[in-house]
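**Q** I would like to see how this sequence folds:
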Amino acid sequence: MDDAYVVGDPDGLTPLQAEIRDAVARELHAQFALRADRLDLADLPEVAYQITRRVDEVLSRIS
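**A** Next up, the predicted model:
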């Protein structure tokens, strides 16, 4: 069992996982806003790239 869950974190994520989740959510929100709440299949590589950059920023801060 994950320690985060044992100490009462309701989503069961470690602080790093929660930070990554939040970065992904912020980027997805931004991408949907830029694209008028619609993602086409052709947009997915760019969206994935931008999400990867956000995750890299989170990971860079901890190293």
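**Q** Only C-alpha atoms from now on, for both contacts and neighbour counts.
**A** Fine.
**Q** any idea which residue sits dead centre in this protein?
**A** Centroid-nearest residue in the chain: Val24, 1.8 Å away (criterion: CA atoms, centre = their mean).
**Q** can you pull the contacts of that residue?
**A** With contacts defined as CA atoms under 8 Å, 6 or more residues apart in numbering, Val24 is in contact with 51, 54-55.
**Q** filter the residues you listed to the buried ones?
**A** 51, 54-55 (16 or more other CA atoms under 10 Å).
**Q** got CSV for the residues you listed, with pLDDT too?
**A** Below are these laid out as CSV (pLDDT from 0 to 100):
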residue, pLDDT
Ile51, 96
Arg54, 96
Val55, 96
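**Q** which among those residues gets closest to Ala18?
**A** Nearest to Ala18, judged by CA to CA, of these is Val55 at 11.3 Å.
**Q** Just the buried residues of the helix or strand containing that closest one, please?
**A** With secondary structure defined by DSSP states H and E, Val55 is part of helix 44-62. Across helix 44-62, burial judged by 16+ other CA under 10 Å covers 47, 50-51, 54-55, 58.
**Q** Surely Gln50 is in contact with Ala25?
**A** No - counting by CA atoms under 8 Å, Gln50 stays clear of Ala25, with 11.5 Å between them.
**Q** next helix or strand past the helix or strand bottoming out on mean pLDDT in the chain?
**A** Every helix and strand in the chain was compared by mean pLDDT, DSSP states H and E; the lowest is helix 3-6, with a mean of 49. Downstream of helix 3-6, the next assigned helix or strand under DSSP H and E is helix 15-34.
**Q** can you redo the buried residues of helix 44-62 as TSV with distance to Ala18?
**A** Listed next are those as TSV, based on distance: CA to CA, whole Å:
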residue	distance to Ala18
Val47	20
Gln50	18
Ile51	15
Arg54	13
Val55	11
Val58	11
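**Q** which of those lies closest to Gln31?
**A** Nearest to Gln31 among these, with distances taken as CA to CA, is Val47, at 6.8 Å.
**Q** Pretty sure the closest one sits against Ala30.
**A** No - using CA under 8 Å, Val47 is not in contact with Ala30, being 9.7 Å away.
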